[in-house]
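Visitor: Would you be able to build a 3D model of this:
(chains A and B)
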Amino acid sequence: MGRFIVRRFLWTLLVLLVLSLITFALTRAVPGGPFDREKKLPEEIIRNLEAKYHLDEPYWKQYLRYLNDVFIPIIAKGEPKSLLEESLIDIKLWDDYHLRWINLGPSYSSRSRTVNDIIREQLPVSTQLGVVALTIALLIGVPMGIIAGLKQNTIWDYLGMSIAIFGVSVPVIAMGPILVWVFGVMLRWLPPTGWGAQPPYILFFIPRDLSWNFWRYVLMPAFALGLGQSAIIARLTRASLLQVIREDYIRTARAKGLPERLVVLRHALRNSLIPVVTVLGPMFAAIVTGTFVTEQIFGVPGLGKYFVTSVTNRDYPVIMGTILLYAIFLVMANLVVDITYAWLDPRIRYE
Amino acid sequence: MAESQVEALRTALPRRRKTASLWADAVYRLGRNRAAVIGFAIVVLLTLTAIFAKYIAPYPYDVQDRPNANAVPAWMLSLFPMMKPYAVVSDKFLLGADYVGRDMLSRLIYGTQVSLSVAFVGPLIALFVGTVYGLVSGFFSRWVDNVMMRFVDLMYAFPSLLLIILMMAFFRSTFAQTEPGTFAYAMNKIDERFGGMLFIFIGIGLTAWMGTARLARGQVLSLREQDFVLAARALGASNTRIIFRHIMPNILGPLVITVTLAIPGYITTEAFLSFIGLGVNPPTPSWGSMISDGSQAIRTYPPQAILPALALSITMFAFNFLGDGLRDALDPRLRGTQ
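Guide: Numbering: from 1, shown residues only, chains lettered A, B, ... in the order given. As a prediction, the model looks like this:
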């Protein structure tokens, strides 16, 4: 297990390194320097600005600086001297010392805010949406798959799998407008747009007020985002359960006279849910990218909506910063998922 | 007695063709799967619509009829009665007009071109690049195989949709403002010809081939030790001949299944990219960008978002049914998995 984790961890580091190289190359290759204005700035001012933002250094130096800014946590003394030294994560350790990590630099479209500011303000909302969507996906998907698998070829199975086909076939961007129209406009059960949570949050994203006012805004977008994922989970759970239930050890359990309830709970379910862990990685990815469209459709003031706006405004630092942050998150999530899977199913480690 | 039993069996069994090759068998099984047949019919219909869009569409997709902006036909008012107080009622457009007065129906019809071309080009790239890559990797030495597969692993570890978004943002920004005569300018001209589709193809193609490459390699590894390959080699067949004449026909089935099952993913990717503004160039209509425009006015003119959403969903249903059916037909062992 130890060797597996180390190997997997080193591999993740390599992936992150290549990822940073790609994003760095792309940010630098995008034409139109950050200081291009309609009215051209004087030559020496541009040179000063470039010196301030270290754009006059050779590329390898810039890359190292970028790597340092984005990936390496630093412990620094005192408040940041300028906007440039601000970091996304800034935790006070002791006295005047701060742990700073992930600095995504300035945004070109709004000069007083850095990409860190933008992400810090918008990310909690997206996280709330994502977590609720994930919960909905699991709460619907796993039971639906179990019921369909246990009652194979009954009406429950067909019903569950029809819903799953529906969930797989109707993507978020189609589901969103339909939900808004049916529940928001026609039936008026839930507000079609808006968000109910206000900062400050507990643990960066949990709102203090978890009353109906929060839920009525979050339910519809989270459902739109989670339904497709729940369908994938349901299909996988069912398939895995059907496979496990034909195993010899299930027959043994039955043969020794164990009640059916215990056979299912102790032997079948536990083993059939292990492969479901593997979809968690792709599911995180789908939910993260899904927030881009969901937030746009449901008017949720999160990072996804801001991302789409920055695409329209061609604010590349924000685009690259958001993507990089999400990519780091997903790569790390995959690492955790893989280790969990290897821990649950020891056969994986030897592959 | 034995005679009569054989006779009884012969009549009881369904009549089958004499030589049941893999593909003939698959077509036969596919034909008995009702959902797959419906899916196939819809796909054919959509393909014809895309090819003949010019002749079917009542109006061009980009002509704006400003006085008729957001026009709603009379029959639609009974479905969406809340629009009655403010809607411009006009029967000029069968499905109404969008916010600048372009015919919704025509734009939906032209929208099939975008979705369908992604649905066909995506798998083609995946099949072609992935198969060649996997064949080469699986067939040659351990060293080549190792290097090539580690590269796939590395690519696989990236969140592919984020990578596509990143590439699209890069393409859009880099190729938008260049001088004539350069490579970027030429690419941009080609992209314009395709209505912004070229970069989508590249973006999807960059990430689509990895799954097929892995699968093809795995298949080759298990096949190349088999006797028929040894026999071919003994007869003096070259590597190329063994790969393409002996191994490839045997691995095509599973590859086609994977690639078909991936089609809905390509369609959503394109719709997603167009929705967030990194897909086709306006005014080329894509269902994704139509949903994006329409959802701005979902409270006042719901059909503008719901119609493209329905079109997209129906297409997804069709390809999902077809893909599932094809999987069951080509490889019955996989039935019910995934």
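
Visitor: Please make it C-alpha for all contacts and neighbour counts, starting now.
Guide: Will do.

Visitor: give me the low-pLDDT residue ranges for the chain?
Guide: If you meant another chain, say so; for now it's chain A. A:31-39, A:81, A:83-84, A:108-111, A:349-351 (pLDDT under 70).

Visitor: that's the other chain; I wanted chain B
Guide: Using pLDDT under 70, chain B drops low at B:1-22, B:175-179, B:181, B:331-338.

Visitor: got the residues of the stretch 251-351 of chain A near chain B?
Guide: By CA under 8 Å from any CA of the partner chain, the residues of the stretch 251-351 of chain A that approach chain B are A:285, A:289, A:292-293, A:297, A:308, A:311-312, A:314, A:316, A:319-320, A:323, A:327, A:330-331.

Visitor: quick one: which of the residues you listed sit in helices?
Guide: In helices, judged by DSSP state H, the following of these are found: A:285, A:289, A:292-293, A:297, A:308, A:311-312, A:316, A:319-320, A:323, A:327, A:330-331.

Visitor: Phi, psi for the residue of the stretch 1-150 of chain B found nearest chain A please.
Guide: In the stretch 1-150 of chain B, the residue that lies nearest chain A is residue B:82 (8.4 Å; CA to the nearest CA). Dihedral angles of residue B:82 (phi, psi; degrees, to the nearest 10) stand at phi -70, psi -10.

Visitor: now residue A:188
Guide: Dihedral angles (degrees, to the nearest 10) for residue A:188: phi 60, psi 40.

Visitor: and the nearest residue to it once chain neighbours are set aside, how many residues sit next to it?
Guide: Once flanking residues are discounted, residue A:188 sits nearest to residue A:182: 8.0 Å by CA to CA, 6 or more residues apart in numbering or on different chains. Residue A:182 has 15 neighbours, counted by other CA atoms under 10 Å in any protein chain shown.

Visitor: give the contact list for the closest residue to chain A within chain B.
Guide: Going by CA to the nearest CA, chain A is nearest to residue B:309 of chain B, at 4.3 Å. Residue B:309 sits next to A:173-175, A:177-178, B:287, B:291 when contact means CA atoms under 8 Å, 6 or more residues apart in numbering or on different chains.

Visitor: Helix or strand: which one has it?
Guide: In this structure, residue B:309 sits in helix B:303-330 according to DSSP states H and E.

Visitor: Would you list the phi and psi of residue A:257?
Guide: According to degrees, to the nearest 10, residue A:257 has phi 90, psi 20.

Visitor: meant to ask about residue B:285, not that
Guide: Torsion angles, degrees, to the nearest 10, at residue B:285: phi -80, psi 130.

Visitor: just the strands in chain B please.
Guide: Per DSSP state E, chain B carries strands over the ranges B:71-72, B:88-89.

Visitor: Please disregard the earlier target; I meant chain A.
Guide: Along chain A, counting by DSSP E, strands occupy A:74-77, A:89-94, A:97-101, A:201-202, A:206-207.

Visitor: Ok, which of the ones you listed comes nearest residue A:160?
Guide: Nearest to residue A:160, of all the strands of chain A, is strand A:206-207, at 32.4 Å by CA to CA.

Visitor: Show me the contact partners of that closest one.
Guide: Under CA under 8 Å, 6+ apart, the answer for strand A:206-207 is A:124, A:128, A:197-201.

Visitor: Can you tell me the centre-most residue of the chain?
Guide: No chain was given, so I picked chain A. The centroid of chain A falls nearest to residue A:288 when counting by CA atoms, centre = their mean (3.7 Å).

Visitor: actually chain B
Guide: Ranked by distance to the mean C-alpha position of chain B (CA atoms, centre = their mean), the top residue is residue B:119 at 1.9 Å.

Visitor: Please name the nearest non-neighbouring residue to that residue.
Guide: residue B:263 is the one closest to residue B:119 (CA to CA, 6+ apart), at 5.5 Å.

Visitor: Residue B:310 too?
Guide: Residue B:310's closest residue in space is residue A:174 (CA to CA, 6+ apart), at 7.0 Å.

Visitor: Residue A:124 too?
Guide: Counting by CA to CA, 6+ apart, the residue nearest residue A:124 is residue A:205, at 4.5 Å.
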